[in-house]
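>>> how would this look folded up:
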Amino acid sequence: MAHQGIEIAQLRAQQEALNKQLAEAKERETLLVLNEIVQKMGEYRISVSELTGRKVGVHANELAAKYRDPVSGSTWSGRGRAPAWIAGKDRNEFLMDKRAASHARAQAVLFSEGH
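Residues are numbered from 1 along each chain as shown. Sure, this is the predicted structure:
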């Protein structure tokens with residue numbers, strides 16, 4: 001029995017050492033990836049606000065309009081209950097900034113719950 005206890009203690013010590021190595025390796029890799037992302041953002045002139053979908057100068061409780069009804073000119077931020085003029089329709093058709101459509105699709109992929 002004493003031998004089994006020693007073996008378990010040794011294995012746990014090895015496991016702790018491996019967990020520490022794993023955490024350090026993950027931290028190094030994360031820094032490399034972040035540096036690569038920042039480099040690509042600079043290369044393609046992508047701002048943080050553009051990446052996250054936030055507008056510069058817009059406060060947290062004051063959302064910028066993202067969609068516009070071509071008939072009435074009404075706008076909607078994309079948050080909360082959808083107005084009748086956009087409910088059940090393809091929202092990309094109502095985007096105020098057509099470039100935002102490609103960013104919205106990219107953000108949906110990047111920030112989906114599966115990632």
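
>>> Helices of the chain, residue ranges please.
Using DSSP state H, the helices of the chain run over residues 2-43, 48-52, 98-110.

>>> Against residue 41, how distant is residue 16?
Computed as Cβ to Cβ, to the nearest Å, the residue 16 to residue 41 distance reads 37 Å. Where you see a C-beta, it was placed from the backbone N, CA and C, and this is true even at glycine.

>>> err, residue 49, not the other one
Residue 49 sits at a distance of 11 Å from residue 41 (criterion: Cβ to Cβ).

>>> can you pull the buried residues of stretch 28-35?
For stretch 28-35, burial by neighbour count (16 or more other Cβ atoms under 10 Å) applies to no residue.

>>> what's the average pLDDT for stretch 37-49?
What stretch 37-49 shows for mean pLDDT is 85.

>>> same check, this time on stretch 75-87
Here the average pLDDT along stretch 75-87 is 91.

>>> try stretch 13-29
Per-residue scores along stretch 13-29 average to 96.

>>> Which residue ranges make up the domains of the protein?
1-46, 51-115 (automatic domain parsing).

>>> Deepest-packed of the ones you listed, please.
Highest mean neighbour count among the domains of the chain (mean count of other Cβ atoms under 10 Å): domain 51-115, with a mean of 12.

>>> Tabulate the helices of the chain in TSV, adding columns for distance to residue 65.
Formatted as TSV, the helices of the chain follow (distance: least, Cβ to Cβ, whole Å):
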stretch	distance to residue 65
helix 2-43	25
helix 48-52	16
helix 98-110	11
